[in-house]
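Compute the structure for the input listed below.
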Amino acid sequence: MKKLLVLMIFALGNFTLNAQVARVKLAKDTSENPVFVINDQIIAGSSILKSIPEEYFSEMKLFKDKTIGSKMLFVDQQNPGIVTLEIQKEFEAKSQSEINNFFGLDSETDLYVNGYLVEDKDLRLYASSIAKVEVLEKDYLRLKTAVLNISLN
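Okay, the predicted model is just below:
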């Protein structure tokens, strides 16, 4: 009888451990650099400063408390702010719908940049600043639909 009880406890423990979801992917905030908005049209990362000569810059403003969107993807998100740039140069930028279509998502899928929802659908992304793209599937708690989280460098 004791052997049967020990066997039942062992089997129940084994079933409990194996019932856990395998490979849970947690989204983590890794952004420490501010987001750069060029000519109020293009979102870029800090690498934009190294790739463009100084003579193209006409204005630069830092907004420490401003964010791209009001909705955050991460609970522990730190806001590094936004830098707006006025630059006299053309850039290769991708629209949000182009990026969504590339990853096989609906063109109206929400796009997050460094964990912040991009609420203005007209903003484009500077292609060379994209460091990592994560497709976060819906989890019915935090995300109602699949979204893209783009990390900028």
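
Would you quantify the distance from the residue of the chain positioned farthest from its centre to residue 116?
In the chain, the residue that sits farthest from the middle, by Cα atoms, centre = their mean, is residue 1; the gap is 55.8 Å. Plainly put, residue 1 is 60 Å away from residue 116 if you go by Cβ to Cβ, to the nearest Å. Any C-beta I mention is one placed from the backbone N, CA and C, and that applies to glycine too.

same deal with residue 15?
Taking Cβ to Cβ, one finds residue 15 at 41 Å from residue 116.

Settle it for me: which of those two has more neighbours?
residue 116 (23 against 9; other Cβ atoms under 10 Å).

So what does the more buried one have for phi and psi?
phi -110, psi 130 (degrees, to the nearest 10).

Is it bridged to anything, and to what?
residue 72, residue 113 (DSSP bridges).

mind exporting the longest helix that the chain contains as CSV, just the C-alpha atoms?
Longest helix in the chain by number of residues (criterion: DSSP state H): helix 2-18. Taking Å, rounded to 0.1, in the frame of the first residue of the first chain, the C-alpha atoms of helix 2-18 are listed here in CSV:
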residue,chain,number,x,y,z
LYS,A,2,2.8,2.4,0.8
LYS,A,3,4.5,1.6,-2.5
LEU,A,4,1.3,2.4,-4.3
LEU,A,5,1.0,5.7,-2.5
VAL,A,6,4.6,6.7,-3.2
LEU,A,7,4.1,5.7,-6.8
MET,A,8,1.0,7.8,-7.1
ILE,A,9,2.7,10.8,-5.5
PHE,A,10,5.7,10.4,-7.8
ALA,A,11,3.4,10.1,-10.9
LEU,A,12,1.4,13.1,-9.8
GLY,A,13,4.5,15.2,-9.3
ASN,A,14,5.9,14.1,-12.7
PHE,A,15,2.6,15.0,-14.4
THR,A,16,2.6,18.4,-12.7
LEU,A,17,6.1,19.3,-13.8
ASN,A,18,5.5,18.2,-17.4
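
tell me which residues in it are buried?
Residues of helix 2-18 classed as buried: none (neighbour count, 16 or more other Cβ atoms under 10 Å).
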